[in-house]
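Engineer: build me a structure from this.
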Amino acid sequence: MDKNAKIYVAGSTGLVGGAIVQRLQKEWYTHVITQTREELNLLDKKAVNDFYQKIKPEYVIISAARVGWIKANMTYPAEFLYENLEIQNNLIWWAHIFGVNKLLFLWSSCIYPRECPQPMKEEYLMTGKLEPTNEGYAIAKIAGMRLCEYISQQFGKHFISCMPTNVYGPGDHFDAERWHVIPAMIQRMHVAKSAGDTTFWVWWTGNARREFLYVDDLSEVVLYLMENYTGTDFLNVWTWEDISIKELTYMLMDVMDYHPEIIFDTSKPDGMPQKLLDVTKLSATGWKYRTPLIEWLNNTYEHYKNTLMSDKK
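Structural biologist: Below you'll find the model as predicted:
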């Protein structure tokens, strides 16, 4: 990509999009385009059409989506399906119509079959039933990936996609009701510690295993793929290590210096039992994972505390 090219990052106010914008700016890309939700409603087909027609971005990176953890997905499956379909259809199709040179679509490893063989290879997608707790989101993301593939095959475009594992880091939304496991647990655990609670409830058995990818590493691989990858297959992106939710809980307790009695609520669903991604194809492109999980959990917690202090000013 030319350093002066127009690069539009959809979802730039979110955890991943914000990190991608910072990465582009750090690498001296001078024309990074961002739009807030108030400036551009991605659910509005005409608004997205007008944006592409007026701005004419040459490259597009899509991290915009309605996202959340198990409870949010179970509570609002219709919204997760409808809104994600609308957002990605508008962004991907109009990018094609208005001649975008290259597009990268981000989705999530939760769309693999629930009983998928481990580690999960790209060819295992759609070989079994989806995890029911996030089926709406998964269906939408599979459709977006396929749309990119079909446009690439039918029209000869470079519309690529990659599937990161669970992403965490500074810039996340720390909301126990709506967001992913690390920020949700940090928020709940901090509140419990501040209140002096001697017990802490975890909404799972603790046995499910997950990988966690630091957001700066994801932004690095996104830029790497935009600059170097010309294939049509989607690529898994992960860390080469996974841990159980129980292990994560105790790790966060050490980070936060908070050691209550942990009670696992086994009546609540775990989601997929394991999501271990095979990254043979990504490794073959030359990229390697950088940051171990424990190294940056402390940074993420410090960011959360600093955010709380700023909000109180």
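
Engineer: just give me how far the helix or strand of the chain with the lowest mean pLDDT sits from the chain centre.
Structural biologist: Every helix and strand in the chain was compared by mean pLDDT, DSSP states H and E; the lowest is helix 293-312, with a mean of 79. Taking CA atoms, centre = their mean, to the nearest Å, the mean C-alpha location of helix 293-312 is offset from the chain mean by 19 Å.

Engineer: dump the C-alpha coordinates for that helix into CSV.
Structural biologist: The C-alpha coordinates for helix 293-312 follow below in CSV (Å, rounded to 0.1, in the frame of the first residue of the first chain):
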residue,chain,number,x,y,z
LEU,A,293,-0.9,-13.5,27.6
ILE,A,294,0.4,-12.8,31.1
GLU,A,295,2.7,-10.0,30.0
TRP,A,296,-0.2,-7.8,28.9
LEU,A,297,-3.0,-8.7,31.3
ASN,A,298,-1.4,-6.3,33.8
ASN,A,299,-1.3,-3.5,31.2
THR,A,300,-5.0,-4.1,30.4
TYR,A,301,-6.0,-3.8,34.1
GLU,A,302,-3.9,-0.7,34.5
HIS,A,303,-5.7,0.8,31.5
TYR,A,304,-9.1,-0.1,33.1
LYS,A,305,-8.1,1.6,36.4
ASN,A,306,-6.9,4.7,34.5
THR,A,307,-10.2,4.8,32.6
LEU,A,308,-12.1,4.8,35.9
MET,A,309,-10.0,7.6,37.3
SER,A,310,-10.5,9.7,34.1
ASP,A,311,-14.3,9.1,34.2
LYS,A,312,-14.4,10.4,37.8
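
Engineer: other SSEs contacting that helix?
Structural biologist: Under the contact definition 3 or more CB pairs under 8 Å, 6 or more residues apart in numbering; DSSP states H and E, helix 293-312 sits against strand 166-168, helix 181-195, strand 212-214, helix 245-256. Every C-beta, even on glycine, is put in place using the N, C-alpha and C of the backbone.

Engineer: out of the ones you listed, which is closest to K71?
Structural biologist: helix 181-195 (8.7 Å; CB to CB).

Engineer: quick check: next helix or strand after the closest one?
Structural biologist: strand 199-202 (DSSP states H and E).

Engineer: strands paired with that following strand, and their directions?
Structural biologist: Sheet pairing of strand 199-202 (DSSP bridges) gives strand 261-264 (parallel).

Engineer: okay, now L277: neighbour count?
Structural biologist: By the criterion of other CB atoms under 10 Å, L277 has 25 neighbours.

Engineer: doesn't M120 make contact with it?
Structural biologist: Yes - counting by CB atoms under 8 Å, L277 does reach M120; the two are 5.4 Å apart.

Engineer: between these two, what contacts are shared?
Structural biologist: Common contacts of L277 and M120 (CB atoms under 8 Å, 6 or more residues apart in numbering): S109, N236.

Engineer: from S267, how far off is D172?
Structural biologist: Per CB to CB, to the nearest Å, D172 is found 27 Å from S267.

Engineer: so these two - more neighbours on which side?
Structural biologist: Higher neighbour count among D172 and S267: D172, with 24 against 8, using other CB under 10 Å.

Engineer: can you pull out the strands in this structure?
Structural biologist: 7-10, 32-33, 59-62, 102-106, 158-164, 166-168, 199-202, 209-210, 212-214, 235-237, 243-244, 261-264 (DSSP state E).

Engineer: as a markdown table, the ones you listed with mean pLDDT and mean neighbour count would be great.
Structural biologist: Below are these laid out as a markdown table (pLDDT from 0 to 100; neighbours: other CB atoms under 10 Å):
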| stretch | mean pLDDT | mean neighbour count |
| --- | --- | --- |
| strand 7-10 | 98 | 27 |
| strand 32-33 | 98 | 18 |
| strand 59-62 | 98 | 26 |
| strand 102-106 | 98 | 24 |
| strand 158-164 | 96 | 22 |
| strand 166-168 | 87 | 22 |
| strand 199-202 | 94 | 16 |
| strand 209-210 | 90 | 20 |
| strand 212-214 | 88 | 23 |
| strand 235-237 | 95 | 23 |
| strand 243-244 | 92 | 16 |
| strand 261-264 | 94 | 13 |
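
Engineer: dump these to CSV, plus distance to Q22.
Structural biologist: CSV is the format used below for the strands of the chain (distance: least, CB to CB, whole Å):
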stretch, distance to Q22
strand 7-10, 10
strand 32-33, 9
strand 59-62, 13
strand 102-106, 16
strand 158-164, 17
strand 166-168, 14
strand 199-202, 32
strand 209-210, 25
strand 212-214, 13
strand 235-237, 18
strand 243-244, 27
strand 261-264, 35
